[in-house]
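[1] Sequence first, then the predicted structure:
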There are 2 protein chains.
Amino acid sequence: MSVSTENFIKAIYLQNQREGTDVKPGTLAKMLRITNAASTDMARSLAAKNLIVYTKYKPLSLTPEGQLLAMNVLRKHRLWETFLHQTLQLSLHEIHREAEMLEHFTSDFLSEKIDCFLGYPATDPHGDPIPTADGQARNDAQSIALSTADAGKIYTIVRLFSSDADFFDFCAANHIALNSEIKLERHFEHQKMSEISIKGQHLVLNETFTKVIYVQTKS
Amino acid sequence: MSVSTENFIKAIYLQNQREGTDVKPGTLAKMLRITNAASTDMARSLAAKNLIVYTKYKPLSLTPEGQLLAMNVLRKHRLWETFLHQTLQLSLHEIHREAEMLEHFTSDFLSEKIDCFLGYPATDPHGDPIPTADGQARNDAQSIALSTADAGKIYTIVRLFSSDADFFDFCAANHIALNSEIKLERHFEHQKMSEISIKGQHLVLNETFTKVIYVQTKS
DNA sequence: ATAATTTTTTAAGCTCACTTAACTTTTAAT
DNA sequence: ATTAAAAGTTAAGTGAGCTTAAAAAATTAT
C-alpha cells in the first residue's frame, strides 16, 4: 500500500479513537493537509479497494481489511517510537517525526525483530498501545480520557494520545508526563474546559487537551 | 529528493566505483529495473536539477551536488546496515533489503544519532566505507579488487562490495567472509576467471565476483 | 566500409496523488 | 421553513515516474 493510502487509513482509525464522532473527508483533509477534493477522491478509491466503507455525504469507516492495515501501520509507528526513544535516546518530541516516515518502509519481518529486541512492549513512550503482530488493537480497558473523568478525584496519567508537537511542548513545560499524579479539580460549563492540579500547580486545559490525556484512578 | 532520484544518483556512483567504466542510461536501467526510456528521461531531468552532467549519447557523471547526495544516501544505507546487523542481529543477507528502503526516509538528524550510537564506525558489515556526515567518501586506499591482485599471493578479505543476494549466498556457502585469509592461485586467460583457495578449498570465480571481493596483502 | 545489431532517444500515453474552480448537498442559523 | 454558510463532490488539469512503440545514433561484426 502507498504512503498516502496508509496515512489515510491511519487517520480514519486515529480520529475514530480520539473523538468517538463521525469521520468525513473534511476532517481527514485537515489532518493530512490535503484539499477536501483530494480527500473525497481518496475515499472513493479506497472504497473501491475494499479498505473503507464509503457512501457519498456519509461518514467513513474501515472495513476489516482497512482495520488490519491501520493496525499494521500503527504497530510499526509505535514500535519505532519505542525503539528510537529507548535505544537511540531520542526525546518524546523527536520520535513522532521520524516514526511517521519509517512506519511506511518497514517490513513485517523488521517490525518483528524490533518487537523482539524491545521485549514485546505493550505500549510506546506516549502510553499508546502497540497493536500485536496479528493485528489486535490491545486496548487499555481501565483508562479514560480526562474529559470524561470525575471532578475532585486524583488520577495517574497513563497515556498522552496526541501527535501534536505543541501539545507535547505544553506537557513538557507543565510536568504533564506519563505516570504523574494529576488531580482533576473541576469541569467548567459544558465540559469545554477543565481545571487540574499537578505537582502543586493549577492549570486550565481546553477540551482538545483533556480528550488526549488518558488517566487511571490511583489504585 | 525523491526515492527515484536518490536511487538513480546512487546507482551512478556505485557503478562508477565497481567498474571504472562509463555509465550510460542502459546500465542504470538494468540496475534499477526500469526501461531505457525511463532512464534517459531521468538523466535529462536530473541534469536540469544540476545533479548530474549529461549530454545525449554520452556517459553520465555526478556534479558536486550529485556526489554529495550519493554520499548522503550511501551513508544512511550503510549506517542502517551496520545498525541492523549489530543491534538487531539481522544477517548479512537481510540487512541490504531493509536498508534499501530506510535510507530514503531517514533524516540527517536520525542518521547522526545512529552513527553516534554505533561509535562512528568506518565501515559497514560488508566492509563498505561509511561516508562521513559532511559527505566525504572515506576511501580505503590499500585495498584492491581480487581481479587486479597478484597470482600466488595470500590476502585478507576486507570488503564484499555487492548487493546481490546470490553473491552473498555463494559467499556464505564457501567460507568467503570479511577477515578471512584467501590465496589467489591464478588468473585464467584474459583475467575472465580466477582460481582461489580459502579454508583449504579451491574455487574458480568469475570476473563479476572477483571485481567485488576486495583484499589486502597480509601484513 | 558497409551492414547488422544494440543502445539511446523521442513521442505518446498511463496511473497516482494531488491541485483549483465550479457545483451540489448537508448543516446551522434565524 | 427558509436561507446562509459550510462541507462534500465533480470536473478538469498538473507533475512525477513510469510504460510501449517507433526513430535515430552508436557500436560491432563481417
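    Looks like it came in fine.
[2] which SSE is the residue of chain A found nearest DNA strand D in?
    Residue nearest to DNA strand D within chain A (Cβ to the nearest atom of the strand): residue A:26, separated by 1.9 Å. All C-beta atoms are positioned from the backbone trio N, CA, C, and that covers glycine. Secondary structure assigned from DSSP states H and E places residue A:26 in helix A:25-32.
[3] what's the spacing between the residue lying farthest from the centre of chain A and residue B:64?
    When distances to the mean C-alpha position of chain A are computed (Cα atoms, centre = their mean), the maximum falls on residue A:200, with 28.0 Å. When Cβ to Cβ, to the nearest Å is the yardstick, residue A:200 and residue B:64 sit 58 Å from each other.
[4] can I see the domain layout of chain A?
    Domain assignment of chain A by automatic domain parsing yields the ranges A:3-62, A:144-217.
[5] Let me know which of the ones you listed is the nearest to residue A:137.
    In terms of Cβ to Cβ, the element of the domains of chain A nearest to residue A:137 is domain A:3-62, at 9.0 Å.
[6] buried stuff in the longest helix along chain A?
    Here the longest helix in chain A is taken by residue count, with DSSP state H as the criterion, and it is helix A:64-86. If you call a residue buried by 16 or more other Cβ atoms under 10 Å in any protein chain shown, then helix A:64-86 has these buried ones: A:66-86.
[7] Could you do stretch A:118-134 as well?
    Of all the residues in stretch A:118-134, those buried under the rule 16+ other Cβ under 10 Å are A:123, A:124, A:125, A:126, A:127, A:128, A:129, A:130, A:131.
[8] between those residues, which is closest to DNA strand C?
    The shortest separation between DNA strand C and any of these is 22.4 Å, and it belongs to residue A:131 (by Cβ to the nearest atom of the strand).
[9] Distance of the residue nearest the centre of chain A relative to chain B?
    By Cα atoms, centre = their mean, the mean C-alpha position of chain A lies nearest to residue A:161, the distance being 4.4 Å. Using Cβ to the nearest Cβ, to the nearest Å, one gets 24 Å for the distance from residue A:161 to chain B.
[10] ranges for the strands of chain A?
    Taking DSSP state E, the strands of chain A run over residues A:52-53, A:61-62, A:144-145, A:154-160, A:181-188, A:193-198, A:201-206, A:213-217.
[11] wait, what's in contact with the closest residue to the residue of chain A closest to DNA strand D other than its chain neighbours?
    In this structure, residue A:26 finds its nearest non-sequential neighbour in residue A:36, 5.4 Å apart by Cβ to Cβ, 6 or more residues apart in numbering or on different chains. Each residue near residue A:36 by Cβ atoms under 8 Å, 6 or more residues apart in numbering or on different chains is listed here: A:25, A:26, A:29.
[12] Which pLDDT value does the model give residue A:36?
    Reported pLDDT at residue A:36 in the predicted model: 97.
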